[in-house]
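1. I'd like to go over a predicted model; first the sequence, then the structure.
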Amino acid sequence: MLEYTLKVALRLEGPVLTHSTAAGEYGIDSPMARNKDEKYYLPGTLVKGKLREAMEELHEKASDLFSPDIADLFGDQTGNEQNARPTVSPRRSRLIFEDFLGETSSESDNLTRIKIDNQLGSVKKGMLQVMEAPWSSGEAVEFTGSISFFAQDQTEGDNIRSHIETGLRWITGFGSNRSVGFGRLLNVDIQVDPPTDLLATSAIDDLGSPERIDLAISPWNPFCVSKHRVSPNIFESEKIIPGNVIKGCIAELWRQLLGQPHDIPVKVFNDPARQGTLWTILTG
């Protein structure tokens, strides 16, 4: 079992705008997204969504030449009012995306947009939008992040990497207002770290039959274990991680280590080699 990490650099042409969910400065209608360190970024979920869309387009146009297992790489899309899918059963993504941090802007400016009243031929009342533009028109900016995944062997890992690179190069742009030239993709650069052989590093002492294993969990990124929702679009996180959430995470990781499809139950204790691998991952 190999763990791959792809270091990806996306070179875009300004202006670039990914709307922030937080309020911007006074007078700014559309601020650029920033992380907790006030650095501009493209959310990993945005890159993931655009990559999935690109792969689906390529598969539709040339299925004989490009046929990745999209559901395995990105998980199943859950049903909603827009796509009318019949299920909300979870199927997790094999690919793990970090946020992509942008280069420091040399100068920041604002852009404006208006909407014309079709009857009067003038600006419609109240239709002035002020957008933050950290990078000027035509200025190149690089966003860097990583994509990681597990693979059964090098052949599978190289195949997934190739599909990722092909999909990224098919994308024309990122962010908002792409139809008017925002966020045009200029180049994609991918550096592959040497894969980590998890089985080769998983030798552990015989634990016997412990009745309890103590865990200390330090999340790498912000995460939410949602409480009961009081509104369709408001998610309030629990202050604890319930045991069933940890159990589900271990089961999903185990399924990936076994290379099993989602519709086959995971039989955890039938693979001693991967028991050691899982223990190595949990204990860091």
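-> Great, that's in hand. Because the structure is predicted, anything quoted here is derived from the model rather than measured. Residues are numbered from 1 along each chain as shown.
2. This structure - how does it break down into domains?
-> Under the assignment automatic domain parsing, the domains of the chain span 2-105+133-197, 200-284.
3. now the helices for this protein?
-> Listed in chain order, the helices of the chain (DSSP state H) span 44-61, 70-74, 154-170, 243-258, 272-283.
4. Worst mean pLDDT among those?
-> The minimum mean pLDDT among these belongs to helix 272-283 (a mean of 54).
5. which residues of the protein score low on pLDDT?
-> Residues of the chain meeting the criterion pLDDT under 70: 21-24, 27, 78-91, 106-108, 199-210, 261-284.
6. on that earlier part again, show me the one of the helices of the chain that comes nearest V141.
-> V141 sits nearest to helix 44-61 of all the helices of the chain, at 14.9 Å, using CB to CB. Where C-beta positions appear, they are placed from N, C-alpha and C, glycine not excepted.
7. Go through that closest one and flag the buried ones.
-> For helix 44-61, a neighbour-count test (16 or more other CB atoms under 10 Å) marks G44, L46, V47, K48, K50, L51, R52, A54, M55, L58, H59 as buried.
8. now do stretch 220-228
-> In stretch 220-228, counting by 16+ other CB under 10 Å, buried: nothing.
9. and for it, what are the contacting residues?
-> The contact list for stretch 220-228 (CB atoms under 8 Å, 6 or more residues apart in numbering) reads E98, F235, E236, S237, E238, I240, I241, P242, V245.
10. Of these, grab the buried ones for ChimeraX.
-> Here is the ChimeraX command that selects only those of those that count as buried (16+ other CB under 10 Å):
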select :98
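11. can you put the contacts of stretch 220-228 in JSON lines and add distance to Y40?
-> Converted to JSON lines, these look like this (distance: CB to CB, whole Å):
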{"residue": "E98", "distance to Y40": "15"}
{"residue": "F235", "distance to Y40": "24"}
{"residue": "E236", "distance to Y40": "27"}
{"residue": "S237", "distance to Y40": "25"}
{"residue": "E238", "distance to Y40": "30"}
{"residue": "I240", "distance to Y40": "33"}
{"residue": "I241", "distance to Y40": "31"}
{"residue": "P242", "distance to Y40": "35"}
{"residue": "V245", "distance to Y40": "32"}
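12. Closest to D76 out of the contacts of stretch 220-228?
-> Ranked by distance to D76 (CB to CB), the contacts of stretch 220-228 are led by V245 at 19.2 Å.
13. separation between the closest one and G75?
-> 17 Å (CB to CB, to the nearest Å).
14. Tell me how far stretch 102-120 lies from the chain's centre.
-> Between the centre of stretch 102-120 and the centre of its host chain there is 27 Å, according to CA atoms, centre = their mean, to the nearest Å.
15. Output that stretch as PDB, nothing but the C-alphas.
-> Output of stretch 102-120 as PDB, limited to C-alpha atoms (Å, rounded to 0.1, in the frame of the first residue of the first chain):
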ATOM      1  CA  GLY A 102      -1.900  32.300  -3.600                       C
ATOM      2  CA  GLU A 103       1.200  34.400  -3.900                       C
ATOM      3  CA  THR A 104       1.300  37.700  -2.100                       C
ATOM      4  CA  SER A 105      -0.300  40.400  -4.200                       C
ATOM      5  CA  SER A 106       2.000  43.300  -5.200                       C
ATOM      6  CA  GLU A 107      -0.900  45.700  -5.200                       C
ATOM      7  CA  SER A 108      -4.600  45.300  -4.500                       C
ATOM      8  CA  ASP A 109      -7.400  47.200  -6.200                       C
ATOM      9  CA  ASN A 110     -11.100  47.100  -6.700                       C
ATOM     10  CA  LEU A 111     -13.200  46.400  -9.800                       C
ATOM     11  CA  THR A 112     -16.800  47.400 -10.400                       C
ATOM     12  CA  ARG A 113     -19.600  45.800 -12.400                       C
ATOM     13  CA  ILE A 114     -23.000  47.200 -13.300                       C
ATOM     14  CA  LYS A 115     -26.300  45.900 -14.700                       C
ATOM     15  CA  ILE A 116     -28.100  47.700 -17.400                       C
ATOM     16  CA  ASP A 117     -31.900  48.300 -17.300                       C
ATOM     17  CA  ASN A 118     -33.200  46.900 -20.600                       C
ATOM     18  CA  GLN A 119     -36.000  49.400 -20.800                       C
ATOM     19  CA  LEU A 120     -34.100  52.600 -19.900                       C
END
